[in-house]
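Engineer: Kindly return the folded structure for what I paste below:
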Amino acid sequence: MAESVIRAEGLGKTFRSGEQALTIFSGLTFQIRQGESVALVGESGAGKSTLLHILGALEKPTTGKVLFRGDPLASLSEAQLANYRNRDVGFVWQNCHLLPEFTAIENVALPLRIAGVAEDSGQKEAQTWLQRVGLAERIDHQSGELSGGEQQRVAIARALVCKPRLLLADEPTGNLDERTGEAVMKMLLELAGQEGLAILLATHNPTFAALCDRVFRFDHGRLRQSA
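Structural biologist: The predicted structure follows:
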């Protein structure tokens, strides 16, 4: 059986404002194994983005814990968490968050620079990933010179360049037209499959959700496995 990459145990998140408390979800327990893709569906405000943020160590849960390859994230130092976010997890958001003053290859190479990889090696690896997402001829273009679909392909290359174990994608095709979004989604899942990643994909699109191995649906603060 494949290794468990990410596991949630009794996970809950409550936001407080003065004496008011809003529980987004509670008691979430699940795992995603190496090479497995899981779609996360639910209405807006159900907690999909919040869950992704917690699994990616961008937020802390109110209750429960997250384990990455068996080790609890809560036991890691701030430096170790930064390394986890940079090396072990790939993020793809609806908004690409590309640096506009950087070229495509500079955007993709940025995580490697942060990780301390030599510039020449980082540029070479970034170029390889841009070739894999079909942008070999666009490596020296700035983000404003790229279409929406091309920008998201750059973002995908950037998410995968450090060879993470886990890919978290939050509505990655939400800003794209249907045809472009479908092409980008299929490419994302294909590349992640080739790399053997564990994937959690938040999406409103049932067609995209059906491309994944399993589907989790938020239902009144709980997760139900619907496929």
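
Engineer: And the contacts of the least confident helix or strand in the chain by mean pLDDT?
Structural biologist: Here the helix or strand of the chain ranked lowest by mean pLDDT, DSSP states H and E is strand 222-225, holding a mean of 88. Outside strand 222-225, the residues that touch it by CB atoms under 8 Å, 6 or more residues apart in numbering are F25, S26, G27, L28, F30, R214, V215, F216, R217, F218. No exception for glycine: its C-beta is placed from N, CA and C like everyone else's.

Engineer: which outside residues touch the longest helix along the chain?
Structural biologist: Longest helix in the chain, counting residues (DSSP state H): helix 178-195. Identification of contacts with helix 178-195 by CB under 8 Å, 6+ apart yields 35, 37, 92, 132-134, 147-149, 152-153, 156, 160, 163, 167, 169, 172-174, 176, 199, 201, 205, 207-208, 211-212.

Engineer: Give me the most central residue, this protein.
Structural biologist: Note on the chain: the residue nearest the mean C-alpha position is L168, at 1.9 Å, using CA atoms, centre = their mean.

Engineer: which SSE is the nearest residue to V117 once chain neighbours are set aside in?
Structural biologist: The shortest distance from V117 to any non-neighbouring residue, by CB to CB, 6 or more residues apart in numbering, is to E125 (7.5 Å). Using DSSP states H and E, E125 sits in helix 119-132.

Engineer: same for the next helix or strand after that helix, what does it pack against?
Structural biologist: Moving toward the C-terminus from helix 119-132, the next helix or strand (DSSP H and E) is helix 148-160. Applying 3 or more CB pairs under 8 Å, 6 or more residues apart in numbering; DSSP states H and E, one finds that helix 148-160 makes contact with strand 89-93, helix 104-114, helix 119-132, helix 178-195.

Engineer: Which of those sits closest to S49?
Structural biologist: strand 89-93 (9.0 Å; CB to CB).

Engineer: now Y84, what's its secondary structure?
Structural biologist: helix (DSSP: H, G, I helix; E, B strand; the rest coil).

Engineer: gap between it and E182?
Structural biologist: To E182, Y84 is 31 Å away according to CB to CB, to the nearest Å.

Engineer: Which one's more surrounded, the two?
Structural biologist: Per other CB atoms under 10 Å, whichever of Y84 and E182 has more neighbours is Y84, with 19 against 16.

Engineer: residues touching the spatially closest residue to the more buried one that is not a sequence neighbour, list them.
Structural biologist: Nearest residue to Y84 in three dimensions, chain neighbours excluded: A57, at 5.6 Å (CB to CB, 6+ apart). Residues near A57 by CB under 8 Å, 6+ apart: V66, L73, L76, L81, Y84, R85, V89.

Engineer: All good on my end, thank you.
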